[in-house]
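# Have a look at this prediction, sequence included:
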Protein chains: 2
Amino acid sequence: MSVMNRALQQLKEKGYKKTKQRERIIEIFASHDQYVPAKKILQDMQKEFPNISFDTVYRNLYLLSGENVLEATELEGEKHFRLSCGTGHHHHHFICTDCGKTKLIEFCPMEKINEDLKGYDVESHKFEIYGKCPLCA
Amino acid sequence: MSVMNRALQQLKEKGYKKTKQRERIIEIFASHDQYVPAKKILQDMQKEFPNISFDTVYRNLYLLSGENVLEATELEGEKHFRLSCGTGHHHHHFICTDCGKTKLIEFCPMEKINEDLKGYDVESHKFEIYGKCPLCA
DNA sequence: ATCTAAATCGTAATCATTCTTATTTAGAAT
DNA sequence: ATTCTAAATAAGAATGATTACGATTTAGAT
């Protein structure tokens, strides 16, 4: 089952409607195996939908993140999104600061330090590695 | 030697001038052992300098970060700053999402994964843990 | 006391993002 | 097929953080 069909199926089950704009957003991500800034998505969408509003793009990016179709992170003060890796398990990323491409990091440091945090209520964590991928280096 | 004197000394060596505004910014951080949003610093400064400009505050926050007097991070789309821990060695933080107070995390996960990243040019990394500290929990 | 680069002020501009209201549309119900 | 309604969108204003800039002031060296 394609990424597209799986996503649309999932949205349908929650009562969300299928729109041309949403389909196109998912298509764009399917062709970018990397983190992409919201602004770039907006620009790409404008090629196909000249009158699209910011709102539509941002609203859908957040919707799709909430549904785990996309993963989000913040780089240099801008929200970036990418297709969920769909590994099914918790993971982290190396992120190329040139092209946005990522490498999966299986190791999660939290296991090592939970005992240090007795009395603390851990809600989330962020572990990201930044640099140049072999192609950009 | 106090934090204040050490910082002023360091700035002087680089040819930066001592100003009332800079002194006050450092004072504010010395009384907050936690991450503080730039906006909060601006508000505190306005009490003492009613005509201070944003520019002065932001410029000095970045200057002081660059000089390692302050550490910076981005939380919820806002830059936050705190006095450098001054441990002298690399470290990470647990950050309370209520009060901004931090707990030092000595463990750095990078050692464990450098061998996974052959061919990658690692520039930096971010490892932060978010949640409620014992007082806020 | 003078001089000059650094710093500040005051304000405008920028940039990402969010909000609001009116209109359109997907898809369910008739 | 037509109607209906909640969901989605468009258009553009508003917000909030941050940066930029010209004019003025000031720290501190000479």
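Nice, thanks for sending it over. Numbering: from 1, shown residues only, chains lettered A, B, ... in the order given.

# The longest helix seen in chain A and chain B in contact?
Ranked by residue count and defined by DSSP state H, the top helix of chain A is helix A:54-66. No: contact of helix A:54-66 with chain B (Cβ under 8 Å from any Cβ of the partner chain) is absent, the minimum separation being 13.1 Å. All C-beta spots, glycine's among them, are computed from the backbone N, C-alpha and C.

# who touches the residue nearest the centre of chain A in this structure?
With distances taken as Cα atoms, centre = their mean, the residue of chain A nearest its centroid is residue A:71 (2.5 Å). By Cβ atoms under 8 Å, 6 or more residues apart in numbering or on different chains, the contact list for residue A:71 reads A:65, A:81, A:82, A:83, A:84, A:85.

# tell me the SS of it?
Three-state call for residue A:71 (DSSP: H, G, I helix; E, B strand; the rest coil): strand.

# and the closest residue to chain B within chain A, how far is that from residue B:106?
Nearest residue of chain A to chain B (Cβ to the nearest Cβ) works out as residue A:109 at 3.6 Å. Remark: distance between residue A:109 and residue B:106 (Cβ to Cβ, to the nearest Å) = 12 Å.

# Compare the two and say which is more crowded by neighbours.
With other Cβ atoms under 10 Å in any protein chain shown as the criterion, residue A:109 and residue B:106 differ in neighbour count, and residue A:109 comes out ahead with 20 against 11.

# For the residue nearest to the more buried one when sequence neighbours are not counted, give me the backbone phi and psi.
With Cβ to Cβ, 6 or more residues apart in numbering or on different chains as the criterion, residue A:109 has its nearest non-adjacent residue at 3.6 Å, and that residue is residue B:109. Residue B:109 adopts backbone torsions of phi -70, psi -10, taken as degrees, to the nearest 10.

# For the closest residue to residue A:104 other than its chain neighbours, the count of nearby residues, please.
Distances taken as Cβ to Cβ, 6+ apart put residue A:91 closest to residue A:104, at 5.5 Å, once the chain neighbours are dropped. When counting by other Cβ under 10 Å, one arrives at 15 neighbours for residue A:91.

# pLDDT score assigned to residue A:91?
The predicted local confidence for residue A:91 comes out at a pLDDT of 94.

# pLDDT score for residue A:86?
On the pLDDT scale, residue A:86 is placed at 77.

# and it, what element?
Per DSSP states H and E: residue A:86 is located in neither a helix nor a strand.

# Quick check: what element follows the lowest-mean-pLDDT helix or strand in chain A along the chain?
Ranking every helix and strand in chain A by mean pLDDT, DSSP states H and E puts helix A:110-113 at the bottom, with a mean of 90. Of the helices and strands lying after helix A:110-113 in sequence (DSSP H and E), the nearest is strand A:121-132.

# what's the angle from that next one to strand B:121-132?
Relative orientation of strand A:121-132 versus strand B:121-132 (axes from the mean of the first three to the mean of the last three Cα atoms, to 10 degrees): 170 degrees.

# and strand A:121-132, anywhere near chain B?
Yes: contact between strand A:121-132 and chain B is present through A:121, A:122, A:123, A:124, A:125, A:126, A:127, A:128, A:129, A:130, A:131, A:132 (criterion: Cβ under 8 Å from any Cβ).

# Not counting that strand itself, show me its contacts.
By Cβ under 8 Å, 6+ apart, the residues outside strand A:121-132 that reach it are A:73, A:92-98, A:105, A:108-110, A:114, B:94, B:97, B:109-110, B:113, B:117, B:120-132, B:137.

# next one: that strand to chain centre, how far?
14 Å (Cα atoms, centre = their mean, to the nearest Å).

# do stretch A:67-82 as well
Taking Cα atoms, centre = their mean, one finds the center of stretch A:67-82 at 4 Å from the center of the full chain.

# Next one: residue A:113 from DNA strand C, what distance?
Look at residue A:113 and DNA strand C: by Cβ to the nearest atom of the strand, to the nearest Å, they are 30 Å apart.

# Apart from its chain neighbours, what residue comes closest to residue A:103?
Closest residue to residue A:103 apart from its sequence neighbours, by Cβ to Cβ, 6+ apart: residue A:94 at 4.1 Å.

# Give the other helices and strands that the helix or strand harbouring the one you found contacts.
If you go by DSSP H and E, residue A:94 is part of strand A:92-96. In this structure, strand A:92-96 makes packing contacts with strand A:70-75, strand A:102-105, strand A:121-132, judged by 3 or more Cβ pairs under 8 Å, 6 or more residues apart in numbering or on different chains; DSSP states H and E.
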